[in-house]
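>>> any chance you could fold what I've pasted below:
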Amino acid sequence: MDMHFSRIELQVFDASTTMVVGDGNKALFWEDTWMEGMTIEEIASDLFALIPKRARKRRTVREALTERRWIADIQGALSLLALLQYVQLWIALQDVQLSIVPDAILWR
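As a prediction, this is how the structure comes out:
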């Protein structure tokens, strides 16, 4: 469905839900709360700032993890803090395992 929501409505929804990754086909890598109930922006804000809006809105977890395509989304020079966040994210992603179960949104 093509539904439009106000910014406040989206913020309430985001604050009230978390994404549980299964196959990674629906969860958005950069925007959804899929890493321990947090978004990549909350985990690595300086690195997140280097991701174009188009990539943020389209890249699924499955796509991002396949051949580490999330790295190609990074545009621009990395500050020292962004570089540290990049390494921390790389390490955290090593433990992510996808399954055949579809992704699911859960109410907190």
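>>> what about the helices in this structure?
7-16, 40-43, 45-48, 53-58, 61-65, 80-93 (DSSP state H).
>>> buried stuff in stretch 72-86?
By neighbour count on 16 or more other C-beta atoms under 10 Å, the buried set for stretch 72-86 is Asp73, Ile74, Ala82, Gln85, Tyr86. In short, each C-beta sits where N, CA and C put it, glycine included.
>>> quick one: low-confidence parts of this structure?
Across the chain, residues meeting the criterion (pLDDT under 70) sit at 1-2.
>>> go again with 80.
Where the chain drops to pLDDT under 80, the residues are 1-3, 10-11, 13-15, 108.
>>> what about Glu67, how many residues close to it?
Other residues within reach of Glu67, judged by other C-beta atoms under 10 Å, total 9.
>>> need the buried residues of stretch 72-86 in TSV with distance to Asp95, can you?
Shown next, in TSV, are the buried residues of stretch 72-86 (distance: C-beta to C-beta, whole Å):
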residue	distance to Asp95
Asp73	20
Ile74	21
Ala82	22
Gln85	17
Tyr86	17
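>>> just to revisit the earlier point, which one of the helices of the chain lies closest to Asp23?
In terms of C-beta to C-beta, the element of the helices of the chain nearest to Asp23 is helix 61-65, at 6.4 Å.
>>> what are the phi and psi angles of the residue nearest to Val101 when sequence neighbours are not counted?
Leaving aside its chain neighbours, Val101 sits nearest to Gly22 (3.6 Å; criterion: C-beta to C-beta, 6 or more residues apart in numbering). Main-chain torsions, Gly22, degrees, to the nearest 10: phi -110, psi -90.
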